[in-house]
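Asker: need a structure here:
(one chain, ligands or ions: 1)
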Amino acid sequence: MHRIKQLIKGNEKFRSLYFPYFEKDLKRSVDIGQKPEVLFIGCSDSRVTPDLMLDTKPGDMFILRNVGNFIPPFKADNDFHGSAAAIEYAVSVLEVKDIIVCGHSHCGACKSLYDDIPNDTSLVHVKKWLELGERAKEFTLKTITDPNNKEELYRQTERNSILYQVENLFSYPAVKERIDNKTLKIHGWYYTIETGTIEYYDLEEKKFKPLKELI
Ligand SMILES: [Zn+2]
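Answerer: Numbers count the residues shown, from 1 in each chain. Just a heads-up that it's a prediction; the model follows:
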């Protein structure tokens, strides 16, 4: 109960301290709807805090978080595709202008790619989901100089995965169409949780660089 009490206190603090700043905009948005211009795709990791680390306000970003910030390729079948639905909604209904795929350091999902996940019903969805990181793992193992250096192995896998997830985004016809007509941009970001810094992937130099260099 202690933890839930903490959250209740947190909501009281939010209502008295922060909510007044957003109240007008939030009430207006109830009439006109949300108009976020950014779709942020990040990991469910509790240390990844999109609104806090980017100092954004309610209404600024449509946020999709899942295990590993993985993007399943477009697959229009009868199954329940939560991540795909969020992407479609953001791109085709909200018409966001930017999509940020943000990986992070010390990602449990990326590390798990190197572990044996048991064939257990309690992890059946996790095991399947982690297949979305396989290509990043294979590429990292092929290109890394010292695979025994775990720190380097995991950090590179996390970064490489971002590029493969971005590639999967292109498999969505609506995404591809809007990129082709230049109404949508995709960004690959990497958040280091122990420093709070973010890097972006520079397409020309083919490497991650400090985000602040973009200003
Ligand atoms: Zn993660």
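Asker: hey, let's count contacts and neighbours off CA atoms from now on
Answerer: Fine.
Asker: quick check: phi and psi at residue 197.
Answerer: Torsion angles at residue 197 (phi, psi; degrees, to the nearest 10) stand at phi -90, psi 160.
Asker: any idea how far the residue nearest to it when sequence neighbours are not counted is from residue 119?
Answerer: Among residues not flanking residue 197 along the chain, residue 191 sits closest, at 5.9 Å (CA to CA, 6 or more residues apart in numbering). Computed as CA to CA, to the nearest Å, the residue 191 to residue 119 distance reads 31 Å.
Asker: out of those two, which sits in the more crowded spot?
Answerer: Taking neighbours as other CA atoms under 10 Å, residue 191 and residue 119 compare with residue 191 leading, 23 against 9.
Asker: adjacent strands (with direction) for the helix or strand harbouring that one?
Answerer: Per DSSP states H and E, residue 191 falls inside strand 185-192. Partners of strand 185-192 in the sheet, by DSSP bridges, are strand 98-104 (parallel), strand 197-202 (antiparallel).
Asker: for the last one, what is the average pLDDT?
Answerer: Right, strand 197-202. In this model, strand 197-202 has a mean pLDDT of 98.
Asker: if you count neighbours, what's buried in that strand?
Answerer: Under the neighbour-count criterion of 16 or more other CA atoms under 10 Å, strand 197-202 has 198, 199, 200, 201, 202 buried.
Asker: contacts only, for the second one.
Answerer: Shown in contact with residue 199 (CA atoms under 8 Å, 6 or more residues apart in numbering): 189, 190, 191, 208, 209, 210, 211.
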